[in-house]
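Asks: Could you work out the structure for the sequence below:
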Amino acid sequence: MPVESKQGRGTTRNATPTRFNLPQRVADGDWLDSVEGLDGIAPRRTTVTIEKPKSILTRNASPDIGFDRSVNPYRGCEHGCIYCFARPTHAYHDLSPGVDFESRLFAKPDAAKLLHAALSRPGYEAKPIALGTNTDPYQPIEERFRITRSILELLLETRHPFTITTKSDRVVRDLDILVPAARLGIAAVAISVTSLDPALHRTLEPRAPSAAKRLAAIRTLVDAGVPTIVAIAPVVPRITDHELEAIVEAAVAHGARGGFYLPVRLPHEVAPLFRAWLDDHFPDRAAKVMATIRSLRGGRDNDPDFFSRMRGQGVWADLLRTRFEKASKRFGLTQTRFNLRTDLFEPPPGDQLRLL
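Replies: As a prediction, the model looks like this:
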């Protein structure tokens, strides 16, 4: 069903999840059941629920991902990016991967304490911890909860390597942690830039900082000595792919020396949400966009297979790869991986954080 208000939201739908055989919501007789009929549009406010997980360190064995562990301080993301592959995780909570994902958020204030316990376990082997692999660690509520910052404080204290992926310039507010961590060789940042077009940005990722702010963040981080690359992710065929070279050029001009791109992925509930978004914002080319995505994904809306899910396949995948390689060579963007030190790690002392 349509969302209560499209203003400031990425998705235009908020369907009840059905993939896990959860019961459909039913009207309970409250006046809110008919509010759209009475007033036309009901406002949607962002809410934050405190989550109390038993662990915080997520492990993965995916052969096409360059890390084997990650930490996600938040569930859901207020940035509202229509293409976000993390949207289906909200279905686990009987919430919609649509506007619920953008407005019903979960915060994990005990994340640093849980990570402290994980790093303290006998036999723990330090390898880079990735932040921002699911939802953005610097989405707006970080300003209030500062959970990402508390995690970084612990990682710096223990000299544990970490990477950050974000599309927010809020990351520069933690320079006092990132700079000493970078000097130790244990920190690196990837800033995602999807489009340089302000009008497209407002519909594609409506509550994320502008491309200009993200590029400025790259410059600030690089000037401070923090290894920083650009992530052109995702590239949306016939919507943003024409900007590939321009983004590479802009990123290099702002100091980035490395980078990568990823074709758009549409797993599970993301595909119908994305189709609805196309129908609303790009009805003139919606069919062509989806046809191109399917050509990239072996005839499907999404390809879940290792390696090909990251690169795509077919003529369009070859074209994107060639264009990116040529643009990188032309503007001086290297394809280096982060080489972070793991030998400096010192397990945290005691059973609790020093400040607790």
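Asks: Pretty sure Ala130 sits in a strand.
Replies: Yes: using DSSP: H, G, I helix; E, B strand; the rest coil, the secondary structure at Ala130 is a strand.
Asks: how many neighbours does it have?
Replies: 23 (other C-beta atoms under 10 Å). All C-beta spots, glycine's among them, are computed from the backbone N, C-alpha and C.
Asks: Over to Arg238?
Replies: Neighbours around Arg238, by other C-beta under 10 Å: 17.
Asks: Tell me the pLDDT of it.
Replies: Arg238 carries a pLDDT value of 97.
Asks: repeat for Thr334
Replies: pLDDT, Thr334: 89.
Asks: Quick one: residues contacting it.
Replies: Thr334 sits next to Arg257, Gly258, Ser328 when contact means C-beta atoms under 8 Å, 6 or more residues apart in numbering.
Asks: Would you map the helices across the stretch 101-250 of the chain?
Replies: For the stretch 101-250 of the chain, the helices defined by DSSP state H, counting those that start in this stretch cover 111-120, 142-145, 147-158, 175-184, 198-204, 211-223, 244-253.
Asks: now the ones you listed in JSON lines, with mean neighbour count, distance to Asp100 and mean pLDDT?
Replies: Formatted as JSON lines, those follow (neighbours: other C-beta atoms under 10 Å; distance: least, C-beta to C-beta, whole Å; pLDDT from 0 to 100):
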{"stretch": "helix 111-120", "mean neighbour count": "20", "distance to Asp100": "22", "mean pLDDT": "98"}
{"stretch": "helix 142-145", "mean neighbour count": "15", "distance to Asp100": "19", "mean pLDDT": "97"}
{"stretch": "helix 147-158", "mean neighbour count": "22", "distance to Asp100": "21", "mean pLDDT": "98"}
{"stretch": "helix 175-184", "mean neighbour count": "17", "distance to Asp100": "32", "mean pLDDT": "98"}
{"stretch": "helix 198-204", "mean neighbour count": "16", "distance to Asp100": "19", "mean pLDDT": "96"}
{"stretch": "helix 211-223", "mean neighbour count": "20", "distance to Asp100": "26", "mean pLDDT": "98"}
{"stretch": "helix 244-253", "mean neighbour count": "20", "distance to Asp100": "31", "mean pLDDT": "98"}
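Asks: Any idea which of these gets closest to Arg104?
Replies: Closest approach to Arg104 among the helices of the stretch 101-250 of the chain (C-beta to C-beta): helix 142-145, 15.5 Å.
Asks: next one: the closest one to chain centre, how far?
Replies: 17 Å (C-alpha atoms, centre = their mean, to the nearest Å).
Asks: distance of the closest residue to Val179 other than its chain neighbours from Val189?
Replies: Spatial nearest neighbour of Val179, excluding adjacent residues (C-beta to C-beta, 6 or more residues apart in numbering): Ala224 at 5.2 Å. To Val189, Ala224 is 10 Å away according to C-beta to C-beta, to the nearest Å.
Asks: Identify, from the contacts of Thr334, the entry nearest to Asp94.
Replies: Gly258 (40.6 Å).
Asks: Let me see the contact set for the nearest residue to the closest one once chain neighbours are set aside.
Replies: Of all residues not flanking Gly258 in the chain, Ile229 sits nearest, at 3.8 Å (C-beta to C-beta, 6+ apart). By C-beta under 8 Å, 6+ apart, the contact list for Ile229 reads Ala188, Val189, Ala190, Ile191, Ala256, Arg257, Gly258, Gly259, Phe260.
Asks: May I ask you to confirm that Asn134 is in contact with Ala86?
Replies: Yes: using C-beta atoms under 8 Å, Asn134 is in contact with Ala86, at 4.7 Å.
Asks: re earlier: hmm, Ile177 and the residue nearest to Val179 touching each other?
Replies: No: using C-beta under 8 Å, Ala224 makes no contact with Ile177, being 11.3 Å away.
Asks: before we move on, the earlier item: between the contacts of Thr334, which is nearest Arg207?
Replies: Once C-beta to C-beta is applied, the member of the contacts of Thr334 that ends up nearest Arg207 is Gly258, at 27.3 Å.
Asks: Any idea which helix or strand in the chain has the lowest mean pLDDT?
Replies: helix 35-39 (a mean of 41; mean pLDDT, DSSP states H and E).
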